[in-house]
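Trainee: This is the structure alone, sequence omitted:
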């Protein structure tokens with residue numbers, strides 16, 4: 001039987017680092033992290049949180065573990081949420097994950113508000129021993145990259161931070177525009193970015209989710225014309241579908257990576273493709289979350 005691309009890693013908190021009022025970094029440790037991998041700056045992982053706040057979550061095993069997990073009674077099913085690996089240090093058995101703090105409105109934020117050294121969870125992450133095609137990431141820049149547009153709210157800041165670091169290390173970094181919507185002014189982070197990057201921090205300060213991002217995009221990249229009928233065909237029903245579209249390989253020169261609330265992400269994709277005539281294949285667009293719904 002072939003080895004699965006992801007496997008479960010039992011972890012405990014080694015360090016808690018407050019990055020800003022709204023962001024906290026957890027350095028997680030476990031001997032099995034020596035066998036963990038990450039393939040891109042926006043590498044997605046699943047985190048499972050203990051129901052009682054102290055005991056390692058009990059999860060099914062086997063190829064059909066997810067079906068078994070979904071079949072568990074709600075009172076015994078550990079909450080699961082999707083996060084991004086911020087940094088991986090397998091030789092130190094450490095992996096960093098950044099959380100957004102927003103009170104007790106969800107199991108992940110509630111855990112992060114209280115968690116400290118010694119607290120436990122389980123991560124479903126890429127297995128370094130898997131020799132197939134890696135997956136779980138959308139940062140797939142094309143060849144001949146000359147301009148990058150990064151758009152995200154606070155849920156995507158860890159991924160964008162990693163992308164900026166990767167671009168900073170490139171021999172000839174492309175021109176980069178990054179739009180980052182955050183809850184408050186105090187949540188601006190000191191990110192390492194290429195000298196060619198222009199970072200636009202957009203504190204929401206009570207505005208609607210995604211409103212600052214959309215306004216900044218229209219200001220920086222004004223529409224050539226109203227979105228045409230073809231753009232309308234790209235729309236999906238966000239109540240029944242998850243917005244998730246990968247870019248395609250090619251020499252596009254321009255690459256857009258969008259990750260935020262689903263309705264805002266779809267509106268910005270409509271602007272780029274429908275009003276600016278940007279090649280759809282050059283746009284990766286992900287609805288990281290949906291206002292009023294839990295996607296996991």
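Mentor: Done, it's in. Values in this document were obtained by computation on a predicted structure and should not be read as measured data.
Trainee: Which other helices and strands does the host helix or strand of residue 178 contact?
Mentor: Residue 178 is part of strand 175-182 when elements are defined by DSSP states H and E. Counting contacts by 3 or more C-beta pairs under 8 Å, 6 or more residues apart in numbering; DSSP states H and E, strand 175-182 is packed against strand 147-152, helix 157-168, strand 197-203, helix 211-220. Glycine gets a C-beta too; all of them are placed from N, C-alpha and C.
Trainee: mind giving me TSV with those and columns for mean neighbour count?
Mentor: Supplementary listing: those in TSV, determined by neighbours: other C-beta atoms under 10 Å:
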stretch	mean neighbour count
strand 147-152	24
helix 157-168	22
strand 197-203	16
helix 211-220	17
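Trainee: In the protein, what residue spans correspond to helices?
Mentor: 65-71, 107-114, 157-168, 211-220, 229-232, 262-270 (DSSP state H).
Trainee: can you list contacts of the first one?
Mentor: Around helix 65-71, the neighbours that count as contacts under C-beta atoms under 8 Å, 6 or more residues apart in numbering are 59, 60, 62, 77, 80.
Trainee: Return the residues in contact with the first one.
Mentor: By C-beta under 8 Å, 6+ apart, the contact list for residue 59 reads 8, 48, 65, 69, 78, 122.
Trainee: What subset of the residues you listed is buried?
Mentor: 8, 48, 78, 122 (16 or more other C-beta atoms under 10 Å).
Trainee: Look over those residues and name the one with the lowest pLDDT score.
Mentor: Among the buried ones among the contacts of residue 59, residue 78 carries the weakest pLDDT, at 92.
Trainee: one step back: could you dump the helices and strands packed on strand 175-182 into CSV and include distance to residue 259 and mean pLDDT?
Mentor: Output for the helices and strands packed on strand 175-182, formatted as CSV (distance: least, C-beta to C-beta, whole Å; pLDDT from 0 to 100):
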stretch, distance to residue 259, mean pLDDT
strand 147-152, 5, 98
helix 157-168, 6, 98
strand 197-203, 15, 98
helix 211-220, 11, 98
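Trainee: Dump these into TSV; add distance to residue 116 as well.
Mentor: Shown next, in TSV, are the helices and strands packed on strand 175-182 (distance: least, C-beta to C-beta, whole Å):
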stretch	distance to residue 116
strand 147-152	28
helix 157-168	20
strand 197-203	28
helix 211-220	32
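Trainee: To residue 27, which of the ones you listed lies closest?
Mentor: helix 157-168 (13.5 Å; C-beta to C-beta).
Trainee: could you give the angle of the closest one to strand 147-152?
Mentor: Angle of helix 157-168 versus strand 147-152, following axes from the mean of the first three to the mean of the last three C-alpha atoms, to 10 degrees, is 160 degrees.
Trainee: So for stretch 86-100, what gets flagged as buried?
Mentor: For stretch 86-100, the neighbour count (16+ other C-beta under 10 Å) marks 86, 87, 88, 93, 94, 95, 96, 97, 98, 99, 100 as buried.
Trainee: so what's the second one up against?
Mentor: In other words, residue 87. Counting by C-beta under 8 Å, 6+ apart, residue 87 touches 95, 96, 162.
Trainee: just the fourth one next, same as before
Mentor: Remark: with contacts taken as C-beta under 8 Å, 6+ apart, residue 93 is in contact with 29, 30, 31, 32, 33, 34.
Trainee: Go again with 6 Å.
Mentor: For residue 93, the contact set (C-beta atoms under 6 Å, 6 or more residues apart in numbering) comprises 29, 31, 33, 34.
Trainee: Also the third one?
Mentor: Applying C-beta under 6 Å, 6+ apart, one finds that residue 88 lies in contact with 38, 95.
Trainee: so it bridges to which residues?
Mentor: Residue 88 forms beta bridges with residue 95, as assigned by DSSP bridges.
Trainee: what's stretch 16-31 in contact with?
Mentor: Stretch 16-31 has contacts (C-beta under 6 Å, 6+ apart) with 9-15, 93-101, 112, 116, 183, 186-187, 189.
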